[in-house]
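Colleague: 3D, please:
(2 chains)
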Amino acid sequence: MDKLHLDQHISRQYNSDLEDLRTELLEMGGIVQEQVRDGISSISNADSDLARKVITVEDEVDAREMALDEHCTLVLARRQPAASDLRMVLAVSKITRDLERMGDEAEKVAQMALALVEEGQRSQGYVELRHIAHGVLHMVDEMLNAFARFDVDAALAVVREDNDVDREYKSAMRELMTCMMEDPHSINRILNVMWALRSLERIGDHARNIAEHIIYLVKGLDVRHTSVSEMERQVSSRSK
Amino acid sequence: MTTTSGIQDVPVNGTVGEPFVDSAKLSMRNVNVFYGEKQAIFDVSLDIGSNEVIAMIGPSGCGKSTFLRCLNRMNDTIEGCRVVGSLNLEGEDIYGAKLDVVPLRARVGIVFQKPNPFPKSIYENVAYGAKIHGLVSKRTELDEIVETSLQKAGLWNEVKDRLDAPGTGLSGGQQQRLCIARTIAVSPEVILMDEPCSALDPIATAKIEELIAELSENYTIAIVTHSMQQAARVSNRTAYFHLGKLIEVNETEKVFTNPDHQLTEAYITGRFG
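Modeller: Below is the predicted model:
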């Protein structure tokens, strides 16, 4: 039995409607997760084949987004959900949008990988990239786990991790600016790395958004636009 | 501690949320109702604020209608029904020995599930209460009350040319609005509605709901409904009853998005077996 008792409606069809939403979202999450991982690999390993695959997957992600939207609309129209069921449908709809945008950012990373391969590989900026990529991938994994388990603590951990990623992103930007000043010939190439970093940072932001939707789904708290400490305070004061 | 099986062991003692308000029109404390030996309501305390619309929801047999009918002593007519506890209408004891139920029911009117117009003309249906309560001395005053009440009930334009036609000849939705006109003709302070739309089609229901919103500017309204969407649409606060107990009272928006009690959640999301 899950925390939201999705399987306990009088109507078994309703149970399966909501369970399907959850499963479909996790499937879409899995595709985006792989897309992000492949995007990072393609840029780290200068793998243009993999980069092209990431770009192709985007169509599948878009199709999943539209299918999930349609499914949410049908549940709203047929069931007029309330309370945790309503929050489930709303959260799935919002999470879907964030996942799709994560896919868009992964595609941009792959585009940068292709550009970098064309220009020839040099190692400047790659240490920062790998470091941030590691953090972002971890966030994406944990965010999907948090949704699968309706786990608020895991969602909070994702939010905290986003703050770390943001900090590292700023520091990497400073570092790369210095590199550009020291070696003007590398400006074009470093700019591509910076765009890729920017996309990774945005993927982290979307993972954080999703974590906030999970907190809303499980606790009924709208924690958007609040600090991590305020979020933690609200979550602990709502012991449901 | 009493528990209910199903979702999980959920305590059902006490009321969560905000059952009390600052400016209470009706104030009930520790109300217990018995039908003979059987207890139907257990220790319910609740305020109903002035000009508020409060919805009472819960599964069949949970006591919501019983509780509603205590508020204007409609239960007096049921043999063996006994009401214990404190029920006040603006500080006046509803069950006080000196209180006359006829003026009480003028102050606290009720609309029932099935429209029940008198077998009289539309005009007479609305005029009846004003006449027996002696609210008018002249025919012109009565005409004015009938017209105003029918206008407030959103029925005037549909019946103004056939006021002498029998009330029972109207459609179901029109009959229900006629009953509402009849209720408001005696200038009540509170209107109780016991599933007022359950016998109506969606269009008639929408008209009654629109009417409730308009009436709430001048009256306090308590509505018992089986339609969760209706409760969500028309009320400011929602009270959830379960097995004769008042489980939760909260702002309607909160009850339908993030209720405090698991039993409320289970009921409004259709998880009760």
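Colleague: switch to C-alpha atoms for all contacts and neighbour counts from now on
Modeller: Will do.
Colleague: neighbouring contacts of stretch A:166-177?
Modeller: Residues from elsewhere that reach stretch A:166-177, judged by C-alpha atoms under 8 Å, 6 or more residues apart in numbering or on different chains: A:Gly125, A:Glu128, A:Ile132, A:Ile190, A:Met194, A:Leu197, A:Arg198, A:Glu201.
Colleague: Next, the buried residues of the helix or strand that contains the last one.
Modeller: Taking DSSP states H and E as the definition, A:Glu201 sits inside helix A:187-219. Taking 16 or more other C-alpha atoms under 10 Å in any protein chain shown as the basis for neighbour counts, the residues of helix A:187-219 that come out buried are A:187, A:189-219.
Colleague: can you count the residues close to A:Gly103?
Modeller: For A:Gly103, the count of nearby residues is 29 (other C-alpha atoms under 10 Å in any protein chain shown).
Colleague: Also A:Leu221?
Modeller: By the criterion of other C-alpha under 10 Å, A:Leu221 has 17 neighbours.
Colleague: What of B:Tyr240?
Modeller: B:Tyr240: 26 surrounding residues under other C-alpha under 10 Å.
Colleague: From what I see, it and B:Thr252 are in contact.
Modeller: No: using C-alpha atoms under 8 Å, B:Tyr240 is not in contact with B:Thr252, being 10.5 Å away.
Colleague: so where's chain A shaky on pLDDT?
Modeller: A:1-2, A:121-125, A:239-240 (pLDDT under 70).
Colleague: Output the set of residues of chain B in proximity to chain A.
Modeller: Applying C-alpha under 8 Å from any C-alpha of the partner chain, one finds that chain B approaches chain A through B:7, B:229, B:255-259, B:265, B:268-273.
Colleague: from what I can see, B:Lys25 looks like it's in a helix, true?
Modeller: No: judged by DSSP: H, G, I helix; E, B strand; the rest coil, B:Lys25 forms no part of a helix; its state is strand.
Colleague: what residues are up against it?
Modeller: Applying C-alpha under 8 Å, 6+ apart to B:Lys25 gives the contacts B:Asp47, B:Ile48, B:Gly49, B:Ser50, B:Leu89, B:Glu90, B:Thr220.
Colleague: how about a cut-off of 10 Å?
Modeller: B:47-52, B:88-91, B:189-190, B:220 (C-alpha atoms under 10 Å, 6 or more residues apart in numbering or on different chains).
Colleague: And for A:Leu217?
Modeller: Counting by C-alpha under 10 Å, 6+ apart, A:Leu217 touches A:4, A:83-92, A:147, A:150, A:152, A:211, B:258.
Colleague: Which among these count as buried?
Modeller: A:83-92, A:147, A:150, A:152, A:211, B:258.
Colleague: Report the spatially closest residue to residue 111, excluding sequence-adjacent ones.
Modeller: You didn't pick a chain, so chain A it is. Residue nearest to A:Gln111 in three dimensions, not counting chain neighbours: A:Ala51, with 6.9 Å by C-alpha to C-alpha, 6 or more residues apart in numbering or on different chains.
Colleague: My question was about chain B, not that one.
Modeller: B:Val111's closest residue in space is B:Met193 (C-alpha to C-alpha, 6+ apart), at 4.7 Å.
Colleague: re earlier: check which element follows the helix holding A:Glu201 along the chain.
Modeller: helix A:228-237.
Colleague: Check which residues of the lengthiest helix in chain A are buried.
Modeller: In chain A, with assignment by DSSP state H, the single longest helix is helix A:83-119. Using 16+ other C-alpha under 10 Å as the test for burial, helix A:83-119 gives A:83-93, A:95-117.
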